[in-house]
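S.K.: Build me a model:
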Amino acid sequence: MPSTYRVETFPAATPAASSVFTTVLSQGPLTRVELARRTGLSSAAVTKAVRPLMEAGYVVEAADAADGGARPALGRPANPVRVDGGRALFLGVKVTADEVIAVLTDLCCRIRVALHAPLTRNEPAAVLELIASLTEELLTEAEGYGVQVQGLGIAVSGDVDRAAGVVRYSPFLGWHDIALADVAMEATGLPVTVDNDVRALTIAEQWFGGGVGCANFALVTVGAGIGCGLVVNGRVVSGSHGVAGEIGHLSIDPQGPLCHCGNTGCVEAIASDSAIVRRIREDTGQDVADSAQALELAHGGNPVARAAYARAGEAIGRAIGAVVNLLGPERVIISGEGLAAYDLFAEQIREAFSSAAFGTAAQCEVTTHPLPFDEWARGAAAAAIQTFIGSEPC
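M.R.: Next comes the predicted model:
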């Protein structure tokens, strides 16, 4: 693998150009007139922003999709424009406690190739070796598309400082202060963006999923952990210390179970997969192996198991109510592998949310969006795309 991998400079040198491109990327095809309306820019500013993007082939006339994507003549403002997804490629990697998932996507974040590899050792050197191996395999796959891979995104759970490229703390991996972006860039030769996994997934949902067109929304993920990504005024929020949205560590029950963060009664200590399994074990005395067995017990009518899921739903609903009260989003999207149990706690989520939401905040739309696990790696690729086009989170 080369020590450095030549990448392009994206031709959106101004905030206006970046705004125009991301709007076309997430909501296109759009005419220049519609672009001006949605971005709040003047028609002249939109035309100025679109021209270099079209000249470099990142944006094309939408009508040209039917004729093989031939380079259009410039200056036809009535025609819709769209992003040419095949113009660039990106890699995304999601690191879990027991698996690494890697994907090759195009510029529109459509997955072209997906790879899964078991993770038998979680020390940084072993994880990095596996990431480098999967990256090399995907770079070989990318050669068949005839365009460059422009960046690699890596998504990790926990406290991740994206600006510094450092994993400050990942409880599932047991990592502290790992400069992952630097060592991954040295190992792969690619520009590397490292982000929190939920925040990366939020970028993908904002541009390509359930959050398209929403200026303010929250993505709540349930499963191994309880996470929350926030979009405020069209920007994914990281916060001053990179931990914005950690609703899993809202303490909602002072008498509740101890959380791995050191507090008691956190949402994650009640509603994560491991917390539910632990409670069923304690209350039944049965050796419940994992969340699949816990789910089987609950669906089989076991009252203790059903009570554990109901309590989890109440905790999640109260946490969503807190988010809605603080930020007033127009939509909350619930996702994650924990949705396999949604029928067991949906009612409790709705009831607890309605009770916790203040006034008209209760009108917030709460939806579910089940996602395959590859989507977490796709989120990492979306973070890499965001870095490439210069549309950084706040």
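
S.K.: what residues are up against the closest residue to residue 346 other than its chain neighbours?
M.R.: Computed as Cβ to Cβ, 6 or more residues apart in numbering, the closest residue to residue 346 that is not its neighbour in sequence is residue 313, at 6.9 Å. Any C-beta I mention is one placed from the backbone N, CA and C, and that applies to glycine too. Going by Cβ atoms under 8 Å, 6 or more residues apart in numbering, residue 313 touches 271, 344, 345, 346, 347, 348, 349, 352.

S.K.: Closest to residue 122 out of the residues you listed?
M.R.: Proximity of those to residue 122, judged by Cβ to Cβ, is greatest for residue 271, which lies at 23.8 Å.

S.K.: Next one, pLDDT for that closest one please.
M.R.: pLDDT for residue 271: 95.

S.K.: Just give the closest residue to it, not the sequence neighbours.
M.R.: For residue 271, the spatially nearest residue (Cβ to Cβ, 6+ apart) is residue 312, at 3.7 Å.

S.K.: Kindly reformat the contacts of residue 313 as a markdown table containing secondary structure.
M.R.: Formatted as a markdown table, the entries for those read as follows, by DSSP: H, G, I helix; E, B strand; the rest coil:
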| residue | secondary structure |
| --- | --- |
| 271 | helix |
| 344 | helix |
| 345 | helix |
| 346 | helix |
| 347 | helix |
| 348 | helix |
| 349 | helix |
| 352 | helix |
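
S.K.: If you rank these by neighbours, which is first?
M.R.: Sorting these by how many neighbours each has (other Cβ atoms under 10 Å) puts residue 271 first, at 29 neighbours.

S.K.: So what's the gap between whichever strand or helix holds the residue nearest to residue 346 and the chain middle?
M.R.: Here residue 313 sits within helix 303-327, counting by DSSP states H and E. When distances are taken as Cα atoms, centre = their mean, to the nearest Å, helix 303-327 is centred 22 Å away from the chain's centroid.

S.K.: so after that helix, what's the next helix or strand?
M.R.: Following the chain from helix 303-327 toward its C-terminal end, the next helix or strand by DSSP H and E is strand 331-335.

S.K.: Now tell me what touches that following strand from outside.
M.R.: For strand 331-335, the surrounding residues in contact (Cβ under 8 Å, 6+ apart) are 201, 205, 209-211, 214, 217-222, 316, 320, 323-324, 342, 349, 364-371.

S.K.: Just the strands from the stretch 201-350 of the chain, written as ranges.
M.R.: Counting by DSSP state E, counting those that start in this stretch, the segments of the stretch 201-350 of the chain that form strands are 217-222, 226-232, 235-236, 331-335.

S.K.: My impression was that residue 391 belongs to a strand - is that right?
M.R.: No - read with three-state DSSP, residue 391 is coil and lies in no strand.

S.K.: ok, it touching residue 22?
M.R.: Yes - Residue 391 is within contact range of residue 22, at 5.1 Å (criterion: Cβ atoms under 8 Å).

S.K.: got any ranges where this structure has weak pLDDT?
M.R.: Residue ranges of the chain with pLDDT under 70: 1-6, 63-77, 242, 392-394.
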